[in-house]
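Participant: Here you go, sequence then predicted model.
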Amino acid sequence: MDAHDDYEVRTFSITEWSTRPKKFNSETFTFDEIEWHLLIFPRGNYLLKRTGHVAVYFGFTCPTEQYATSISLAFRITLIHPTDPTKNISRDDKHTFTQSRPDWGFYNLVETQRVAEFLKDDTLTLELGIRHHTTRAAGYSSQYARTTTTGYNDYWTYNSKKETGFVGLYNQGATCY
């Protein structure tokens, strides 16, 4: 994606990087009337037993009942090099955030032994770019696989058994015969 795309960009300057705990949250911010944050593992995501890389995830601050629908977003997390922008490291992805899947990100943003290259006065700078992403659910009629103008999808909360008497299956792209 180029510099002229439609991402809303947030910058996070994480001070005292060397003394941070093994897991912490960034400050919260609002996007599309929802509170968000970055979840950061400076020495790797020990919960997944994936150490050796800085792990960064983007997600709801408080996935509660108020988020009864889902929101599909494209996002980019960029580790900013303090002196040479050509050395920045970016990862892009798309995700439909729901109560059951409130965060998404990268367990391998950068190797922990390379982090020193990106520090300036023990401060690490991350940028987060966010934009709405339109998705289409496989196995659902177009009536329920729609994205509204605000980017919210309602197919995650559609109860096919209640509405039709039949059970709908969530197909993750596999076609089996």
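Facilitator: Here it is on my side, so go on.
Participant: Determine the next helix or strand in the C-terminal direction from the longest strand along the chain.
Facilitator: Criterion DSSP state E: the longest strand present in the chain is strand 70-80. The helix or strand immediately downstream of strand 70-80 is strand 89-97, counting by DSSP states H and E.
Participant: Chain neighbours aside, what residue packs nearest to residue 96?
Facilitator: Here the nearest residue to residue 96 in space, its sequence neighbours aside, is residue 72; by CB to CB, 6 or more residues apart in numbering that works out to 4.5 Å. In this view, the C-beta of every residue, glycine as well, is placed from N, C-alpha and C.
Participant: Can you report how many residues neighbour the one you found?
Facilitator: When counting by other CB atoms under 10 Å, one arrives at 19 neighbours for residue 72.
Participant: Verify the contact between it and residue 93 for me.
Facilitator: No: with contacts defined as CB atoms under 8 Å, residue 72 does not count as touching residue 93, sitting 11.5 Å away.
Participant: so what sits against both of the two?
Facilitator: Between them, residue 72 and residue 93 share no neighbouring residue, with contact defined by CB atoms under 8 Å, 6 or more residues apart in numbering.
Participant: rewinding a little: so what pLDDT did the residue nearest to residue 96 get?
Facilitator: As predicted, residue 72 sits at a pLDDT of 85.
Participant: bridging residues for residue 73?
Facilitator: When bridges are called by DSSP bridges, residue 73 pairs up with residue 95, residue 132.
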